[in-house]
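# I'd like to go over a predicted model; first the sequence, then the structure.
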Amino acid sequence: MGSQWMRTQGFGTALSSTVPSLLVSIFAQTVNQPFVRSSIMIQKPGEELASRTFPNAAMIKHLAATKGPASLWLGLDAAILKTAPKYMVAVLIKDYMGQ
């Protein structure tokens, strides 16, 4: 939808394909990062929060309380740099193959 709108506004295929996919990738990583971070933290051997009924929720609450809410997004920049280019290239190739 975003790429079609960009094309109607005169943007090229490459930009129309990469910008929307980049924004979606950034949004998805931002939403997922607290769960990724808590999953990694509960894998520590002997972690007492891992035995809770909802260990991820307990770890998210613990991290927010002890290190601040911003700690939930620690590592977000690396996650975006790792996944966004792959996703953008895949969408770009799909769009070029579809034309």
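Arrived safely, thanks for sending.

# Run the chain-centre distance for stretch 42-55.
23 Å (Cα atoms, centre = their mean, to the nearest Å).

# Let me know the pLDDT of Leu22.
Leu22 carries a pLDDT score of 87 in this model.

# The helix or strand hosting Val19 - contacts with which helices or strands?
Secondary structure from DSSP states H and E places Val19 in helix 13-41. With contacts taken as 3 or more Cβ pairs under 8 Å, 6 or more residues apart in numbering; DSSP states H and E, helix 13-41 sits against helix 2-8, helix 55-67, helix 76-98. Glycine gets a C-beta too; all of them are placed from N, C-alpha and C.

# which residues of this structure score low on pLDDT?
For the chain, the stretches with pLDDT under 70 are 99.

# Distance of the residue nearest to the spatial centre of the chain relative to Val89?
Geometric centre of the chain, nearest residue: Gln29, 0.8 Å, by Cα atoms, centre = their mean. Look at Gln29 and Val89: by Cβ to Cβ, to the nearest Å, they are 16 Å apart.

# re earlier: could you dump the helices and strands packed on helix 13-41 to a markdown table with distance to Ala14?
Below are those laid out as a markdown table (distance: least, Cβ to Cβ, whole Å):
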| stretch | distance to Ala14 |
| --- | --- |
| helix 2-8 | 10 |
| helix 55-67 | 38 |
| helix 76-98 | 7 |
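
# Of all these, which one comes closest to Gly46?
helix 55-67 (13.3 Å; Cβ to Cβ).

# chain center to that closest one: distance?
The chain centroid and the centroid of helix 55-67 are separated by 19 Å, computed with Cα atoms, centre = their mean.

# Gln33 touches Leu76, doesn't it?
Yes - at 4.8 Å, Gln33 counts as touching Leu76 under the criterion of Cβ atoms under 8 Å.
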